[in-house]
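S.K.: return a 3D structure for these sequence lines:
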Amino acid sequence: MRYCYTIIILINEINFLYCSMISTAAILAGGKNIRMDGQKKYLMPFQGQTLLTRMITKLSPLFSDIIIVSNDDPSMFAEYSVSSIVADFYPGKGPLAGIHAALCNANDRPVFVFACDYPMLDASLIQSQCDAFVMKSMDALVPRHPQGFEPLHAIYSQACTEVANQLLTERPNVRILDMLNIVRTQYLDMVYQSAFNNFNTPEDFLNWEQS
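M.R.: As a prediction, this is how the structure comes out:
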């Protein structure tokens, strides 16, 4: 019985570690929104909520810490219950700068990074990505489907921080793909998911909302 008891304790400790490894989510609420005619995506209304409110509501049961990464005035996010609101260290350098800022503020833990225009987040998809990340040794886990890949619905380890920092420092124009080509990236192949639906123009948003 003593041995059985010890095994149970160890299993419980492993489960706790397993569940707590990816405890941080980051929502990138930046960008110039040029194609949105200056409208901020995260403030777009959807089913009675802003997109940001909807995303935080969906992510809060899944992650203990939620970070908003934005170069907008922090007072714009005062109503949201999140762990922190941080700005890019390299403003104007695109979404890789947002990923870098999230990693720098994640207490040395991996971060599940989301763009701010994913209104149809799916908890089971998020969990399956977390499961795959924990089970394999990698620096980045990115969904891939026949239409492309989703680097802003992806998990990044702290190993990406210095690589991102170097790229952002050395290159005037840098993409997330530049980092993914350097770090140990695992692509998670799947069919296209409705959770990946997003938008780039007001017309896209209107058409998508009415569909």
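
S.K.: which strand or helix spans the nearest residue to Leu103 once chain neighbours are set aside?
M.R.: Excluding its sequence neighbours, the residue lying closest to Leu103 (CB to CB, 6 or more residues apart in numbering) is Thr161, at 4.4 Å. (C-beta placed from N, C-alpha, C; glycine too.) Assessed by DSSP states H and E, Thr161 sits inside helix 159-170.

S.K.: what's the next helix or strand after that helix packed up against?
M.R.: Counting by DSSP H and E, the next helix or strand C-terminal to helix 159-170 is helix 176-180. Identification of packing neighbours for helix 176-180 by 3 or more CB pairs under 8 Å, 6 or more residues apart in numbering; DSSP states H and E yields helix 95-104, strand 140-145, helix 159-170.

S.K.: which of those is buried the deepest?
M.R.: When the helices and strands packed on helix 176-180 are scored by mean count of other CB atoms under 10 Å, the highest mean neighbour count falls to helix 95-104 (a mean of 24).

S.K.: distance between that one and the chain's centre?
M.R.: Taking the mean of its C-alpha atoms, helix 95-104 sits 10 Å from the chain's own mean (CA atoms, centre = their mean, to the nearest Å).

S.K.: try stretch 58-77
M.R.: 11 Å.

S.K.: export it to CSV, keeping only CA atoms.
M.R.: What follows is stretch 58-77, C-alpha atoms only, in CSV (Å, rounded to 0.1, in the frame of the first residue of the first chain):
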residue,chain,number,x,y,z
LYS,A,58,-13.2,32.7,-23.5
LEU,A,59,-9.6,32.6,-22.4
SER,A,60,-10.0,33.3,-18.7
PRO,A,61,-11.1,29.8,-17.7
LEU,A,62,-8.1,28.3,-19.6
PHE,A,63,-5.2,30.5,-18.5
SER,A,64,-4.3,31.9,-15.1
ASP,A,65,-2.6,34.9,-16.6
ILE,A,66,-3.7,37.0,-19.6
ILE,A,67,-1.5,39.7,-21.1
ILE,A,68,-2.6,42.4,-23.4
VAL,A,69,0.2,43.6,-25.7
SER,A,70,-0.6,47.0,-27.2
ASN,A,71,1.0,50.3,-27.9
ASP,A,72,-2.3,52.1,-27.3
ASP,A,73,-2.9,54.2,-24.2
PRO,A,74,-3.2,51.7,-21.3
SER,A,75,-6.3,53.5,-20.0
MET,A,76,-8.2,52.1,-23.0
PHE,A,77,-7.9,48.7,-21.3
